[in-house]
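In: structure of the sequence below:
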Amino acid sequence: MVINPWWAWLQIGLTVLGLLLAYIGNRYSIPILFSVGIICLGLMVMVLGWEAMITRQVFLRRRRGGTRRSYSGLAAFIKGIQFNLLGLLFVVVAIMMYTNTDGRGLFLQMVGRPGLPLVFIGGLVLMEAVVNLAGTSEMRQGSSGTVTVNLIVSRLVPGLILLAVAAIAILLGLFEIAAPDVFDERGGGLLETLYGLR
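Out: Residues are numbered from 1 along each chain as shown. Just a heads-up that it's a prediction; the model follows:
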C-alpha cells in the first residue's frame, strides 16, 4: 500500500507549528500560545494515529541505533488507537494548564475512586498485549528458526504477561466500580491512606 504523503506533511506542519508556538509562549510568557502549541503537538500525534488506523501501517524508529519497527494490520490499527489516546491526553493537559484546573485535586479524586483509571490502564495494557502478540513485520522475517525464537521470546512470553496484567487491572477496576466499599475493605483504600485522604 502506498502511503499518501499528505499525512507526513500534515504531521510535519503540526510539529513545527506546535514547537514554535510553545517556544514563543514560554519565552514571552504567553500562556495561550504555549497551550495552543501543546495542543498542536497532541493533534500531530492523533494524525499519526489516524494514519495508522486508516492505512493499517505504521513505521516507528528507535532513537538508539535507529532500529525500525513496522506494524501492519490489526497491530497497526491498535497502535493508531494508542496514538489517538496519547494525543488526546496532550490536548486535555494543555487545556487544564491554561484554565488552571486543579490537577492535584483531580488526581486525588482518582486515587479515592480508582475504578475507571484501572479499567482505562488495563485497556491500554490489553491493547499493547495484542500488539506484542502480533509482533512487528521484522519479527516475521528471516529463517524459520529465527522466526520461532522471536515468536516465543519476543512475542508470546511478553504478550501473555501483559495480558495477565491487563486482566488484573480491568477486574480490579470493575470490582471497585461495582462494590467500592468492599474494595476499600479488602485493601483498596491503601492509596487513600498514603495520600492522606483518610
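
In: show me the strands in this structure, by range?
Out: Counting by DSSP state E, residue ranges of the strands within the chain are 57-61, 68-72.

In: closest one to Glu51 among those strands?
Out: If you check each of the strands of the chain against Glu51 by CB to CB, strand 57-61 wins as the nearest, at 7.3 Å. Bear in mind the C-beta positions are built from the backbone N, C-alpha and C, glycine included.

In: what helices or strands is that closest one leaning on?
Out: helix 31-55, strand 68-72, helix 74-98 (3 or more CB pairs under 8 Å, 6 or more residues apart in numbering; DSSP states H and E).

In: the ones you listed: lowest mean pLDDT?
Out: Of all the helices and strands packed on strand 57-61, strand 68-72 carries the lowest average pLDDT, namely a mean of 85.

In: what sits against the residue nearest to Ala52 when sequence neighbours are not counted?
Out: Counting by CB to CB, 6 or more residues apart in numbering, Gly80 is the residue found nearest to Ala52 once chain neighbours are left out, at 3.4 Å. Residues near Gly80 by CB atoms under 8 Å, 6 or more residues apart in numbering: 48-54, 58.

In: of all those residues, which comes closest to Asn26?
Out: Sorting these by distance to Asn26 puts Leu48 at the head of the list, at 23.8 Å, by CB to CB.

In: next, count neighbours for that closest one.
Out: By the other CB atoms under 10 Å criterion, the neighbourhood of Leu48 contains 23 residues.

In: let me see the contact set for it.
Out: Remark: with contacts taken as CB under 8 Å, 6+ apart, Leu48 is in contact with 7, 11, 58, 80, 83, 87.

In: distance of it from Trp7?
Out: Per CB to CB, to the nearest Å, Leu48 is found 8 Å from Trp7.

In: do the same with Met139
Out: Shown here: Met139 relative to Trp7, a distance of 25 Å by CB to CB.

In: same check on Thr15?
Out: Separation of Thr15 from Trp7 (CB to CB) stands at 13 Å.

In: and what of Arg104?
Out: Computed with CB to CB, the distance linking Arg104 and Trp7 is 38 Å.

In: neighbour-wise, which of the two wins?
Out: For the pair Arg104 and Trp7, the greater number of neighbours falls to Trp7 (16 against 9), based on other CB under 10 Å.

In: that one contacts Glu51, correct?
Out: Yes: using CB atoms under 8 Å, Trp7 is in contact with Glu51, at 4.4 Å.

In: please name the bridge partners of Val58.
Out: Val58 has these beta-bridge partners by DSSP bridges: Tyr71.

In: how many neighbours does it have?
Out: Considering only other CB under 10 Å, Val58 is surrounded by 23 other residues.

In: quick check: it touching Ala52?
Out: Yes: using CB under 8 Å, Val58 makes contact with Ala52 at a distance of 3.9 Å.

In: if we can go back for a sec, output the helices and strands packed on strand 57-61 as JSON lines; include the columns distance to Ala179.
Out: Compiled in JSON lines, the helices and strands packed on strand 57-61 are given as follows (distance: least, CB to CB, whole Å):
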{"stretch": "helix 31-55", "distance to Ala179": "35"}
{"stretch": "strand 68-72", "distance to Ala179": "38"}
{"stretch": "helix 74-98", "distance to Ala179": "28"}
